[in-house]
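In: pasting the structure only:
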């Protein structure tokens, strides 16, 4: 009996150590994303902004000449590249998520979606930053899949607390048939959630839309932060 008790304690100790390792790995990944975002903003993005200003000056000087259309086309291409870079930086870790919380950040995703998206975020005490980031990326990937594959007329996002878990639900009225085996995006979500001991459930019958439910444990390592503001 004592040997079995010792084995149970050792098993719990190993599980706790595994959780700590997962948390450290997730924190390190989030820190790396923050650094990359900052480097993009302070480096390449600022250089492109400066180049865009120089190009505008050049456009004014060559107005009415034969090279004006070429310079204008270069300006359009530069603007598109800058927009792509900003979208990349925003996707890594949007500033609004850090500053205002999950509600406004998810509303920003909804506002940029090519279809109507209704967002409902329960007013809760803000979870740890890595939990907020995981919830954000779940919604971002889900809405990307809806826009690309679902042929939906509208979608909805619901975030609420269930016990110590954060439950994120994304639904659409599209064609259904989503399969994690056919896309790296949903597989990536499963991996990201698994790093936090979370789960991903997908209900997607053909012709009946898709409902994605992510459950993210948020009690472990929680720190008090201001409530989410919608």
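Out: Great, that's in hand. As the structure is a computational prediction, the values presented were derived from the model and not from experiment.
In: What's the per-residue pLDDT of the residue most central in space within the chain here?
Out: Compute the mean C-alpha point of the chain, and by CA atoms, centre = their mean the closest residue is residue 137, 2.2 Å away. Note on residue 137: pLDDT of 88.
In: With residue 114 instead?
Out: The confidence metric pLDDT takes the value 90 at residue 114.
In: my guess is it contacts residue 150, does it?
Out: No - with contact defined as CB atoms under 8 Å, residue 114 does not reach residue 150; the gap is 11.1 Å. Just so you know, the C-beta spots here come from the backbone N, C-alpha and C atoms, and that holds for glycine as well.
In: Name the residue in those two with the higher neighbour count.
Out: residue 150 (22 against 9; other CB atoms under 10 Å).
In: can you give me the strands for this protein?
Out: For the chain, the strands defined by DSSP state E cover 117-121, 155-162, 165-172, 199-203, 210-217.
In: which helices and strands sit right next to the last one?
Out: On a contact count with 3 or more CB pairs under 8 Å, 6 or more residues apart in numbering; DSSP states H and E, strand 210-217 meets helix 129-145, strand 165-172, helix 184-194, strand 199-203.
In: Show me where the protein dips below the pLDDT cut-off.
Out: By pLDDT under 70, the weakly predicted segments of the chain are 1-4, 15-16, 18-42, 84, 86-93, 180-185, 219-230.
In: Please report the distance of the residue nearest to residue 175 when sequence neighbours are not counted from residue 144.
Out: The shortest distance from residue 175 to any non-neighbouring residue, by CB to CB, 6 or more residues apart in numbering, is to residue 151 (5.1 Å). Distance, residue 151 to residue 144, using CB to CB, to the nearest Å: 14 Å.
In: same thing with residue 206?
Out: 21 Å.
In: Same drill for those two, tell me which one is more crowded.
Out: Neighbour totals were compared for residue 206 and residue 144, and residue 144 leads with 14 against 9 (other CB under 10 Å).
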